[in-house]
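Enquirer: Curious how this folds, go ahead:
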Amino acid sequence: MILDIYKDALEYSAKDWKTLVVLGVISLFSFLLLPIFLLTGYNYRVINTAVHGVINGRDSLPDFDDLIKMFVDGVKVVIVQIAYLLVPAIVFLIFAIVAGSLSGIASSAIMIVGCVITFALIVVACLMNQMGLCHMANNDGAFSKAFAISEIKEVIDEIGWFNCIATYLGLIIITVVIALVVTAIIYGIFTIFGVSSAVLGVNPSGIFIVGVLINSAITMFLVGPYLMIFNGRSIGLLYTMQI
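Expert: Residues are numbered from 1 along each chain as shown. Have a look, this model is predicted:
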């Protein structure tokens, strides 16, 4: 099941490269903050499409229409994400305060325990957050459904906590691997060019700078948007696997 979800999401995310470029352009202006809500709003549309779709179906990527609604959905998504991460943040802060009041081994031990517990809470909070967004999408965008903890827990119980956590951790691993592989390939190519130019007596600094710029462009306009859609699609399909 999990592999089928990954396969579908990997293929789905590459259906329209123009969409990836558009998302990349939006992310380019993320420093203005407002475009961030368009990105999260579009990701919500990806989740919504997946929640109402099937694995290996013929779903197409969402359109860029009704930007005001997409913006509002993006704001709702950000609020949900922040709300769920408040608990791990508060727990970590408590441990940090306690550790700060101690010294030596006791302080270090408290901090280590706090970090372990916080990490576990972050994993659960992120999973609940993603399932909450799926639950909201499955209930016609009702904002309150993103915080219907008991209902969301029932969904996760039906899918299986192991399946959910394994899928989520797998997404993290796949995301990191794809990002690292693309970066390694680009830098590898330009390293070869740089070394070759140095052998020929040409200053390679310009080549390395171009490599950095190209890597940044590919990451922003292709890889980043691709991975965003991949994650949204995967979580949405996972939600559909209820018994």
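Enquirer: Now do stretch 147-156: distance to the chain's middle.
Expert: Relative to its parent chain, stretch 147-156 has a centroid offset of 21 Å by C-alpha atoms, centre = their mean, to the nearest Å.
Enquirer: Check which residues of that stretch are buried.
Expert: Phe147, Ala148, Ile152, Val155, Ile156 (16 or more other C-beta atoms under 10 Å). Where you see a C-beta, it was placed from the backbone N, CA and C, and this is true even at glycine.
Enquirer: again with stretch 93-113
Expert: Quick answer for stretch 93-113 (16+ other C-beta under 10 Å): Phe95, Ala99, Ile110, Met111.
Enquirer: Pick the one among the residues you listed closest to Thr183.
Expert: Met111 (32.0 Å; C-beta to C-beta).
Enquirer: show me the contacts for that closest one.
Expert: Phe95, Ala96, Ala99 (C-beta atoms under 8 Å, 6 or more residues apart in numbering).
Enquirer: hang on, the last one packs against Ile110?
Expert: Yes. If you go by C-beta atoms under 8 Å, Ala99 and Ile110 touch, sitting 4.2 Å apart.
Enquirer: Closest one of the buried residues of stretch 93-113 to Phe37?
Expert: Among the buried residues of stretch 93-113, and counting by C-beta to C-beta, the member closest to Phe37 is Phe95, at 32.3 Å.
Enquirer: and Asn129, how many residues sit next to it?
Expert: Asn129 has 20 neighbours, counted by other C-beta atoms under 10 Å.
Enquirer: residues of the helix or strand of the chain with the lowest mean pLDDT that come out buried?
Expert: Least confident helix or strand of the chain, by mean pLDDT, DSSP states H and E, is helix 205-218 with a mean of 82. Buried residues in helix 205-218, counted by 16+ other C-beta under 10 Å: Ile207, Phe208, Gly211, Asn215, Ile218.
Enquirer: Could you find the closest non-adjacent residue to the fourth one?
Expert: Translated: Asn215. The spatially closest residue to Asn215, leaving aside those adjacent along the chain, is Ile186, at 4.6 Å (C-beta to C-beta, 6 or more residues apart in numbering).
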